[in-house]
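Asks: The sequence and its predicted three-dimensional model are supplied below.
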Amino acid sequence: MGALPVLSAFSGATRPSTALLRSSALELAILTCHVLLYPTGVVQERRAAPVAVLPVPPEPPDPPGPPDPPEERPPVLLLHGFLDNRSVFVLLRHSLRRHGWGQVTSLNYSPFTRDLRAAATALGRHVEELCARTGAPRVDVVGHSLGGLMARYHVQRQGGDARVRTLVTLGTPHSGTRVAPLASVHPVVRQMRPDSDVIAELARPAPGCRTRFVSFWSDLDQIMTPVETARIDHPDLVVRNIRVTGVGHLALPVHGAVAAGVRQALLSRGGADDAHGTASVA
């Protein structure tokens, strides 16, 4: 995949302290809006009747070439983060639909989820249902924070690469995060720590994984400690790590420049030169 465009959220040179102040103000505004929207996403989406599903293609990621026309794009599944719901994706979903994605759906998992592995298994069942009702052999997944880690676990450790073509993660603790030590009372938070069994499992070899990974990580993400933990560094995976500048953790699923980067990542056909690439956005 060619380098993604370098976009700027703020014009001119910005001192780090000023950038952090502006990012924090944006995070507060987004949090306020999200609290208002949260009740609208509590109920699970309605599901259409299934249609005939196509067989799983045996091939690895698609070869380089022009992007898929709208009618050939895989369905996109949006997966929210810890203690959140599908309302966090209202702007990203609108952006995808407006730019030609006809099948965009969200999955709510329980806020009382206590085991990431079990949640990843449930995600796999939902992906199979999505393929069944759309007739698509594979899907693309966009996961924010914990949602991205859950999707990666399903793809890498539970055979989900058979159905997931591209996994895009936004601010996901791929190497674990040390933020908020007191939150470790929750078992899922403990599984997101750098020394957890889940993180150790994701570091194990994954030869032949067919899914292409695109991880967006932000230099001002206060939830990722350190911020580089939202990168994917694994020798067996086809990965593009994309640095986001000037926005925080909550802004990743709603920022316009990030949405544009997600759209471009989903349109890319990938290829051998895609592995372990780096680009910037926002």
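Replies: Looks like it arrived, so ask away. Note that the structure is predicted; figures quoted are calculated from it, not measured. Residues are numbered from 1 along each chain as shown.
Asks: Show me the helices in the stretch 1-150 of the chain, by range?
Replies: With helices called from DSSP state H, counting those that start in this stretch, the stretch 1-150 of the chain shows them at 16-37, 90-98, 116-134, 146-157.
Asks: Relative to the whole chain's centre, how far out is the last one?
Replies: By that I understand helix 146-157. In this view, helix 146-157 has its centroid 9 Å away from the chain centroid, taken as CA atoms, centre = their mean, to the nearest Å.
Asks: which parts of it are buried?
Replies: L146, G147, G148, L149, M150, A151, R152, Y153, H154, V155, Q156 (16 or more other CB atoms under 10 Å). Any C-beta I mention is one placed from the backbone N, CA and C, and that applies to glycine too.
Asks: Export these to CSV and append columns for pLDDT.
Replies: Formatted as CSV, the buried residues of helix 146-157 follow (pLDDT from 0 to 100):
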residue, pLDDT
L146, 96
G147, 97
G148, 98
L149, 98
M150, 97
A151, 98
R152, 98
Y153, 98
H154, 98
V155, 98
Q156, 98
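Asks: mind putting the residues you listed in a markdown table, distance to P137 included?
Replies: Shown next, in a markdown table, are the buried residues of helix 146-157 (distance: CB to CB, whole Å):
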| residue | distance to P137 |
| --- | --- |
| L146 | 27 |
| G147 | 23 |
| G148 | 23 |
| L149 | 25 |
| M150 | 22 |
| A151 | 18 |
| R152 | 21 |
| Y153 | 22 |
| H154 | 17 |
| V155 | 15 |
| Q156 | 20 |
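Asks: For the protein, just list every one of the strands.
Replies: Under the criterion DSSP state E, the chain carries strands at the ranges 76-79, 104-107, 139-144, 164-170, 212-218, 238-244, 277-281.
Asks: Kindly reformat those as a markdown table containing mean pLDDT and distance to A203.
Replies: Below are those laid out as a markdown table (pLDDT from 0 to 100; distance: least, CB to CB, whole Å):
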| stretch | mean pLDDT | distance to A203 |
| --- | --- | --- |
| strand 76-79 | 98 | 22 |
| strand 104-107 | 95 | 26 |
| strand 139-144 | 98 | 19 |
| strand 164-170 | 98 | 16 |
| strand 212-218 | 97 | 14 |
| strand 238-244 | 96 | 14 |
| strand 277-281 | 59 | 20 |
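Asks: how about CSV for those, with mean neighbour count and distance to A132 added?
Replies: Listed next are the strands of the chain as CSV, based on neighbours: other CB atoms under 10 Å; distance: least, CB to CB, whole Å:
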stretch, mean neighbour count, distance to A132
strand 76-79, 26, 13
strand 104-107, 21, 13
strand 139-144, 27, 11
strand 164-170, 27, 15
strand 212-218, 27, 23
strand 238-244, 23, 27
strand 277-281, 18, 34
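Asks: Would you mind saying which of those strands lies nearest T177?
Replies: For T177, the closest of the strands of the chain is strand 212-218, at 11.4 Å, according to CB to CB.
Asks: Run the chain-centre distance for that closest one.
Replies: Centre-to-centre, strand 212-218 and its host chain are 7 Å apart (CA atoms, centre = their mean).
Asks: what's that strand packed up against?
Replies: Helices and strands touching strand 212-218, by 3 or more CB pairs under 8 Å, 6 or more residues apart in numbering; DSSP states H and E, are strand 164-170, strand 238-244, helix 256-267.
Asks: could you redo the ones you listed as CSV and give each row distance to L123?
Replies: Below are the helices and strands packed on strand 212-218 laid out as CSV (distance: least, CB to CB, whole Å):
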stretch, distance to L123
strand 164-170, 10
strand 238-244, 20
helix 256-267, 18
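Asks: To L96, which of those lies closest?
Replies: helix 256-267 (6.7 Å).
Asks: Identify each buried residue in that closest one, please.
Replies: So for helix 256-267, counting by 16+ other CB under 10 Å, buried means A257, V258, A259, A260, G261, V262, R263, Q264, A265, L266, L267.
Asks: With distance to R125 as extra columns, can I get those in a markdown table?
Replies: Listed next are those as a markdown table, based on distance: CB to CB, whole Å:
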| residue | distance to R125 |
| --- | --- |
| A257 | 34 |
| V258 | 29 |
| A259 | 28 |
| A260 | 32 |
| G261 | 30 |
| V262 | 25 |
| R263 | 27 |
| Q264 | 30 |
| A265 | 25 |
| L266 | 23 |
| L267 | 28 |
